[in-house]
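Engineer: Fold the following, please.
(chains A and B)
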2 protein chains.
Amino acid sequence: MTLDSARLAPMANAIRALSMDAVQAANSGHPGMPMGMADVATVLWSEFLSFDPADPHWPDRDRFVLSAGHGSMLIYSLLHLSGYASPTIGDIRKFRQLGSPCAGHPENFLIDGVESTTGPLGQGLAMAVGMAIAERHLNAEFSDDLVDHKTWVIAGDGCLMEGINHEAIGLAGHLKLGRLNVLWDDNRITIDGATDLSTSEDVEARYRAAGWHVVRCDGHDFADIRRALSEAQDDARPSLVACRTIIGKGAPNKQGTSATHGAALGPDEVAAAREELGWKAAPFEIPADILSDWRSLGESGKSAHSDWQARLDASPHKAEFTRRMAGDLPAGYDAGKVFADWLGEDKKVATRKASEMALDVLTPLVPEMVGGSADLTGSNNTKTKATTPLTAEDYSGRYVYYGIREFGMAAAMNGMALHGGVIPYGGTFLIFSDYCRNAVRLSALQQQRVIYVFTHDSIGLGEDGPTHQPVEQVMSLRLIPNLNVFRPCDIIETAECWNLALQDKDTPSVLALSRQNLPQLRHDGEMLSAKGAYRLRSAKAARQVVLIATGSEVELACNVADVLEGQGIGTDVVSMPAMELFDAQSVGYKTELLPEDALKVSIEAGATLGWERYTGSDGIQIGLDRFGASAPAEALFDKFGFTVDAIVPKILNRIKS
Amino acid sequence: MTLDSARLAPMANAIRALSMDAVQAANSGHPGMPMGMADVATVLWSEFLSFDPADPHWPDRDRFVLSAGHGSMLIYSLLHLSGYASPTIGDIRKFRQLGSPCAGHPENFLIDGVESTTGPLGQGLAMAVGMAIAERHLNAEFSDDLVDHKTWVIAGDGCLMEGINHEAIGLAGHLKLGRLNVLWDDNRITIDGATDLSTSEDVEARYRAAGWHVVRCDGHDFADIRRALSEAQDDARPSLVACRTIIGKGAPNKQGTSATHGAALGPDEVAAAREELGWKAAPFEIPADILSDWRSLGESGKSAHSDWQARLDASPHKAEFTRRMAGDLPAGYDAGKVFADWLGEDKKVATRKASEMALDVLTPLVPEMVGGSADLTGSNNTKTKATTPLTAEDYSGRYVYYGIREFGMAAAMNGMALHGGVIPYGGTFLIFSDYCRNAVRLSALQQQRVIYVFTHDSIGLGEDGPTHQPVEQVMSLRLIPNLNVFRPCDIIETAECWNLALQDKDTPSVLALSRQNLPQLRHDGEMLSAKGAYRLRSAKAARQVVLIATGSEVELACNVADVLEGQGIGTDVVSMPAMELFDAQSVGYKTELLPEDALKVSIEAGATLGWERYTGSDGIQIGLDRFGASAPAEALFDKFGFTVDAIVPKILNRIKS
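Structural biologist: Just a heads-up that it's a prediction; the model follows:
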């Protein structure tokens, strides 16, 4: 609804008051951004954003992403003022305190109305690109009746300077995501001071170069903001709205300076700001008339929501749409049955190829899977017949050519998963997990089902050499909480790991896959990968040794076991495709698999630090604690000691000593 | 020198022939780029690049960076043809084989003429920005007589699409690095196919928006290339030369397609290309007249080099310039003496503040230190009085406001270190090591003295919450080979770690520093951090327990020890500021410090995986294997069990059981 400026101004000041009071109470936080963008946000929420405070999960709501997440008091204020159940004023009073959902940065898992966790700069906007892709894709699948909403972003200079911004806006421009609108808080201040300390860029020209529509406004003139947002909304291209603002607007002595960015204003300046704004209410109190104006905003969304509900109820797609948005797999989904048939075969393929074979089964069964690759489609084996290209001309496609944009891809996948209705997976070389690592971390923190297909997972990639050979990547990904890192050893485990990844709604997965061919080692057993580790081969002679291996080194472990058994040394081979899942097993299972009285030897073509957890300190860790080299894979495995001849003597020495 | 096209064409074809033959012999590699850029590279090397093949380390040579490192046969061809000692034709014959310096991607540590390791896309260009910064800085310090060279880059579409490109060119444009010229291999092909599969960007407009000069040429027309490179060389801004090329040019059936990008052409196509190019020589043979033209190129560089040598010999700066370029610290450098005085004090400061205090001592002593921060100067405490801003108006400054560009900063620091004459250090929050992780890896792989000041190193950062709280970062950085990760516990260790970082020429360092104040725990001992770990406190009662801690948790370990000692349980406290340095100690030292017969307990506010190496599997690992939360630091340490009350019972239980 359109309110006149006389009513909008106090509404915006309510944001300012809550923000400065909450930061002051915490004596920690960022008042400058919420105070500077209060006017813009008020116009956006009152006249443009479609939302229903009574149902933060309404699938066709507009998405609002506060990419400049440090300004979290802006979104807490907006949600509270407009009548969402969370956060309460009590939550806001406890801003940044233990247990309050009003965390320092907004967290999607703490407050329903927070669409995504933001704070790591640039990623909010990049996630919004993913949301906008998901919206267009689902629109193409389910029609305007069910999916027809916009994605709005508030971003700061930090979001725009980060490299990921280039990747994100390039992708958005290429895919012509016209329903994506970014409101740039153009306050010309960063933490270190004026933006011209570090940048001379013509931001608007850059956005235009990426295919964006750009419009500018005075971020403190309601009419001008309204005009700019209208233009943005109407343009067929994604839009950047450059909102010229004053950081900390309202704090008379500090506004316009970096002093308002990341610290409480102090009691004197808060008092001066109250004076300046004519704000007479006590801290955390909102005058009834202002609150009433805020609360009225949800009405139009409520009615749009109920119209939408009527369309959904009448839609032949209702069940399917509802299932997808709930994140449930299709009724009767049982890929495991197909995969079980594979046990009877004997296929020697790279696990990246096995992954493609699994995807050939899964993508027709699970229509919400949307794949892609950062320009390594043929190497990551991520494309299947069922996944035709998703393009600006055909959003119904299910395969995104992400370009050479690993970080942008990962963040977009987060956004797609957060949007709902889509299960994203995407590929690059494992080494380039380094390029998107913080987005993988945000998949985990946000508890999103995003599946990373990271191929060429060791020195087994061969000739490309040390820049392309992961050494520390597998172990370092295992360190990220709530992330399942799968390193399957053959076609069977690869299928099992895909199946596990798909079925875990709240945990992202990494599939670390080989470039080189690996023999099929499993011919029986059902979903053994679910326990994270299992006995692949049992000792024939009295067990003295347990070999623990992952991925391409499981074959090697079997060969080592053969030689040891030939010498009368009983040797188990444990395959451990997922350390995290194994850690979650019972002590009994773990002890049974890795018994005290055996010499435990880990074999993995990567960093050894961490393997002592499983081998014990008296075990042996076979690995690679240096950078690789450029040569054919076999020569490298030989050079770095991943051979039966190199490993067996190490074990014999230890047993005999 | 200017050669006519009739002589340039066969010179370029020599690159094509060597490239396709080497890739064919290896049956692995990337022929498309060297064949496509052969004409441009030939003009660059024959008429613009200043180099002396007899001395690849001549300090005033132009720097040439092959950012599109997969096209490594281009640089191997150029170096060999123009008469560098390495690579030999024998090396090229063994392209991508074990032991050949002609690795899959160019490695600075294998071939003297390779200025930087490239392959991870976008980083070569970003390192070149650092080289160009170092050049201008040293020029300002030592005058045109000694430092007056250009930086030339060949980059592909991948380098330009990566996010880091935005950061790198933004920094270069802002600093007006006019001697930086980037030749863009505009072949409109990526691995997945045509560039328009994934991008619609107007690249030239984007570069102009960043303050660059842009010129275009036909990459197969020698005169046009010459014109464009001249314009680039003459313009005061950094230049992008868009070279329209045909990938795989010369391979008649495959050129212009992604089929030439990353695989051998195959014998038939190689034969067809020989026909097309009129190349009659056998594989790996270069006709004498063509080789002679190539070998003549070094002459002008040789004479420039000898003029330069005369200027150096006459310069009052000779000793200082030579010292700096050799990477030696100043004669009489002994910061340790100053730091030793600190033992007598009792200062409680955050280690980030201690780092600033150390820098206050070091930066005046070591004039080649050039600092900076990715827009967190006041938080990283990286700026000192001695380091005034390095700006486009004053390149003699020693502090770079890198902006919100972590990856660009890290890559620029790599370039500065590779250039020589500068020791770069730069700061961001530890969590954002994720954003620049692969550049940290390249510091390590390239064996460069780059010092990362990563502050706010745990949940101790408090209210900003889980997006900003490192949990897995310290341990995951420790996994990178040839990287020293320091986590000092107090002002003394911080100074020692800085001292160690500065003195290690071939290994980059990370300093993980606290936001919160930490008491001074050390009052004696000299450079104890050099051993990586040492006994900070010895048990008074009979030793039963050894506590191993790092950084902010060493204080906690001391408090735990006090309580245990109070109960008659002898407890050592081992501080371990650098795991890597400890690993390099003798078995005797290690066993003496961490004896078999004691219960060993690690305490670190981060991921526990890996600590079993030091505690043994029967020890206890106190850490944090989940994401943090938003609250004041003390509340978080309490919530997550980093208190005496939480830890002591765990130890008592284990001792009694």
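
Engineer: what about the strands in the stretch 51-200 of chain A?
Structural biologist: Ranges of strands within the stretch 51-200 of chain A are A:63-66, A:151-155, A:180-186, A:189-190, A:193-194, based on DSSP state E, counting those that start in this stretch.

Engineer: Any idea which of those gets closest to chain B?
Structural biologist: strand A:189-190 (5.1 Å; Cβ to the nearest Cβ). Any C-beta I mention is one placed from the backbone N, CA and C, and that applies to glycine too.

Engineer: Which strands or helices does the closest one pack on?
Structural biologist: For strand A:189-190, the packing partners by 3 or more Cβ pairs under 8 Å, 6 or more residues apart in numbering or on different chains; DSSP states H and E come out as helix A:157-161.

Engineer: Need the CA coordinates for the helix it packs on. CSV is fine.
Structural biologist: Taking C-alpha atoms only, helix A:157-161 is exported to CSV below (Å, rounded to 0.1, in the frame of the first residue of the first chain):
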residue,chain,number,x,y,z
ASP,A,157,29.7,-1.9,-0.7
GLY,A,158,31.3,-4.9,0.7
CYS,A,159,28.9,-7.2,-1.1
LEU,A,160,29.7,-5.4,-4.4
MET,A,161,33.5,-5.4,-3.9
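
Engineer: any residue of stretch A:119-129 up close to chain B?
Structural biologist: Yes - judged by Cβ under 8 Å from any Cβ of the partner chain, stretch A:119-129 comes into contact with chain B at A:119-121.

Engineer: would you turn the strands of the stretch 51-200 of chain A into TSV with mean neighbour count and mean pLDDT?
Structural biologist: Listed next are those as TSV, based on neighbours: other Cβ atoms under 10 Å in any protein chain shown; pLDDT from 0 to 100:
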stretch	mean neighbour count	mean pLDDT
strand A:63-66	27	98
strand A:151-155	28	98
strand A:180-186	28	98
strand A:189-190	25	92
strand A:193-194	15	93
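
Engineer: The ones you listed into CSV, with extra columns for distance to B:V215?
Structural biologist: Formatted as CSV, these follow (distance: least, Cβ to Cβ, whole Å):
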stretch, distance to B:V215
strand A:63-66, 39
strand A:151-155, 32
strand A:180-186, 30
strand A:189-190, 32
strand A:193-194, 32
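
Engineer: looking at these, which is closest to B:G163?
Structural biologist: strand A:151-155 (15.0 Å; Cβ to Cβ).

Engineer: and A:K385, how many neighbours does it have?
Structural biologist: 9 (other Cβ atoms under 10 Å in any protein chain shown).

Engineer: make that A:L652, sorry
Structural biologist: 15.

Engineer: so what's it up against?
Structural biologist: Contacts for A:L652 (Cβ atoms under 8 Å, 6 or more residues apart in numbering or on different chains) come out as A:567, A:569.

Engineer: Which element, helix or strand, includes it?
Structural biologist: Following DSSP states H and E, one finds A:L652 within helix A:644-656.

Engineer: can you check A:G372 too?
Structural biologist: strand A:369-373.

Engineer: Which residues does that strand contact?
Structural biologist: A:134, A:137, A:359, A:362-363, A:379-380, A:382-384, A:387, A:390, A:398-402, A:409, A:413, A:416, A:422-428, A:453, A:502, B:192.

Engineer: Which of the residues of stretch A:119-129 next to chain B sits closest to chain B?
Structural biologist: A:G119 (3.7 Å).

Engineer: Might you report the residue contacts of that closest one?
Structural biologist: Residues near A:G119 by Cβ under 8 Å, 6+ apart: A:69-70, A:104-106, B:464-465, B:467-468.

Engineer: Quick one, grab the pLDDT at it.
Structural biologist: Looking at A:G119, its pLDDT reads 97.

Engineer: Point to the residue nearest the middle of chain A.
Structural biologist: Taking Cα atoms, centre = their mean as the criterion, A:S443 is the residue nearest the geometric centre of chain A, at 3.0 Å.

Engineer: so which helix or strand takes in that one?
Structural biologist: A:S443 belongs to helix A:437-445, assigned by DSSP H and E.

Engineer: okay, the angle between the next helix or strand after that helix and helix A:437-445?
Structural biologist: Following helix A:437-445 in sequence order, the next helix or strand is strand A:451-455 (DSSP H and E). Following axes from the mean of the first three to the mean of the last three Cα atoms, to 10 degrees, one obtains 140 degrees for the angle between strand A:451-455 and helix A:437-445.
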